[in-house]
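>>> Following is a predicted model, sequence given first.
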Amino acid sequence: PVVDFQSPVSPAPGRVDVPTLTTYQGSRYPVVFRKEKEEGWRVTDVVIEGVSMVANYRSQLDDKFKRGGVAAVLSSLNESAARPK
């Protein structure tokens, strides 16, 4: 894969987005690495083709969290990781 980093932008106070174009097997994909207000460079979200990974996982796991809290979410993630692909 080839990752072409572009100039960072600050769309809101305390947030920096680093847009990239990632080339993989001949296809190009827009990817944004997002940093929220924290010390140092810690990526807090990755947006791939306009889809936030954080929002995606949050929507998938929200019901489990509401019913069983963190333990239910971790159990679900462990079960998912243990399933054969």
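Now that the structure is in, tell me what you want to look at.

>>> where does this structure dip in pLDDT?
Across the chain, the ranges flagged by pLDDT under 70 are 38.

>>> Strands of that one, residue ranges please.
In the chain, the strands defined using DSSP state E lie at 2-5, 9-12, 15-24, 27-35, 45-48, 51-52.

>>> and Phe65, how many residues sit next to it?
Burial of Phe65 is recorded as 14 neighbouring residues (other Cβ atoms under 10 Å). C-beta: built from backbone N, CA, C; applies to glycine.

>>> got the contact list for it?
By Cβ atoms under 8 Å, 6 or more residues apart in numbering, the contact set of Phe65 is 72-73.

>>> Turn the strands of the chain into TSV, including distance to Arg67 and mean neighbour count.
TSV is the format used below for the strands of the chain (distance: least, Cβ to Cβ, whole Å; neighbours: other Cβ atoms under 10 Å):
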stretch	distance to Arg67	mean neighbour count
strand 2-5	39	11
strand 9-12	32	10
strand 15-24	31	14
strand 27-35	29	15
strand 45-48	25	15
strand 51-52	23	12
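
>>> With distance to Val70 added, can I get those in CSV?
Putting the strands of the chain into CSV (distance: least, Cβ to Cβ, whole Å) gives the following:
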stretch, distance to Val70
strand 2-5, 33
strand 9-12, 28
strand 15-24, 26
strand 27-35, 23
strand 45-48, 20
strand 51-52, 21
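
>>> between the ones you listed, which gets nearest to Leu74?
For those, the distance to Leu74 is smallest for strand 45-48, at 20.2 Å, taking Cβ to Cβ.
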